[in-house]
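J.: Dropping the sequence and predicted coords here.
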Amino acid sequence: MNELQPIFDSSAQAIYLYFNDELKACNKKFASFLDYKSPKEWAAVSESFPIAFVSEKSQKTLVTTYGNAMEKMIGNKVKVTWKKKS
């Protein structure tokens, strides 16, 4: 994911990239948004993505949307309530 570092570093938006619970990355803005000190600290979380980073009320929506994107190549825009580091 090193080739994406310039995008992560220059983005005005908080962004993350998720392939699976072991292969994920985010920029400093996203890590900070969820109260992590760094993208590295955020990426080191081993708990499953929805449980670690998404509020319970948004988990089903996010998982369903992600499944559709991966299996059916259907993109979507959804509102998600994120879970901050406790």
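T.: Now that the structure is in, tell me what you want to look at.
J.: contacts, neighbours, all on C-alpha from now
T.: Noted.
J.: residues of the lengthiest helix in the chain that come out buried?
T.: Criterion DSSP state H: the longest helix present in the chain is helix 56-72. By neighbour count on 16 or more other C-alpha atoms under 10 Å, the buried set for helix 56-72 is 58-59, 62, 65-66.
J.: and if you look at stretch 39-50?
T.: Buried-residue list, stretch 39-50, by 16+ other C-alpha under 10 Å: 39, 42-43, 49-50.
J.: returning to that earlier point: who touches the longest helix of the chain?
T.: The contact list for helix 56-72 (C-alpha atoms under 8 Å, 6 or more residues apart in numbering) reads 50-51, 74-76, 78-82.
J.: Can you lay out those as a markdown table showing secondary structure, pLDDT and distance to Leu34?
T.: Shown next, in a markdown table, are the contacts of helix 56-72 (DSSP: H, G, I helix; E, B strand; the rest coil; pLDDT from 0 to 100; distance: C-alpha to C-alpha, whole Å):
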| residue | secondary structure | pLDDT | distance to Leu34 |
| --- | --- | --- | --- |
| Pro50 | helix | 94 | 13 |
| Ile51 | helix | 95 | 13 |
| Ile74 | coil | 87 | 27 |
| Gly75 | coil | 86 | 24 |
| Asn76 | coil | 87 | 22 |
| Val78 | coil | 92 | 18 |
| Lys79 | coil | 94 | 16 |
| Val80 | coil | 94 | 13 |
| Thr81 | coil | 97 | 11 |
| Trp82 | strand | 96 | 7 |
